[in-house]
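Chemist: I'll drop the sequence and a predicted model, then ask my questions.
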Amino acid sequence: MFVLSNFLAALANLLNVILTIFYWLILIRVLISWVNPDPYNRIVQFLYKATEPILYPIRRMIPPQMGIGIDISPIITFLILIFLRSFLVKTLLDISFRLR
């Protein structure tokens, strides 16, 4: 059972790293959106291409009648990422420790 335990622990750690990277990419995208970045810059293009598949489905779920004029999809995405890190990663780690 230690093989399955190690696999789940490695999977939890990998998931934690991926979620952390997405968290920082979205945060950087939000911060640079305040300064009106050059859309032809390679870094800006990378940030948009890396984060848009995550943010777009959330934007579609937000009703357009809200009318606040602010894109709140990064905030909702942050909450989802924090939930996944605190629930899913810790659950996988807990299961892996119980299998030892």
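Modeler: Okay, I see it.

Chemist: show me what the helix ranked longest in the chain is packed up against.
Modeler: The residue-count maximum for a helix in the chain (DSSP state H) belongs to helix 2-33. Helices and strands touching helix 2-33, as assessed by 3 or more Cβ pairs under 8 Å, 6 or more residues apart in numbering; DSSP states H and E, comprise helix 42-61, helix 73-83, helix 90-98. The way it works is simple: take the backbone N, C-alpha and C, and place the C-beta from them, glycine included.

Chemist: buried ones in that helix, by neighbour count?
Modeler: 8, 9, 12, 15, 16, 19, 22, 23, 26, 29, 30, 32 (16 or more other Cβ atoms under 10 Å).

Chemist: ok, of those residues, which one's closest to residue 49?
Modeler: residue 29 (10.5 Å; Cβ to Cβ).

Chemist: list the contacts of the closest one.
Modeler: Contacts here follow Cβ atoms under 8 Å, 6 or more residues apart in numbering; on that basis residue 29 touches 47, 48, 51, 74.

Chemist: and for residue 96?
Modeler: 4, 5, 6, 7, 8, 9, 12.

Chemist: can you redo those as JSON lines, where the extra columns are distance to residue 81 and pLDDT?
Modeler: JSON lines is the format used below for those (distance: Cβ to Cβ, whole Å; pLDDT from 0 to 100):
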{"residue": "4", "distance to residue 81": "26", "pLDDT": "92"}
{"residue": "5", "distance to residue 81": "26", "pLDDT": "93"}
{"residue": "6", "distance to residue 81": "25", "pLDDT": "94"}
{"residue": "7", "distance to residue 81": "23", "pLDDT": "95"}
{"residue": "8", "distance to residue 81": "20", "pLDDT": "94"}
{"residue": "9", "distance to residue 81": "20", "pLDDT": "95"}
{"residue": "12", "distance to residue 81": "15", "pLDDT": "96"}
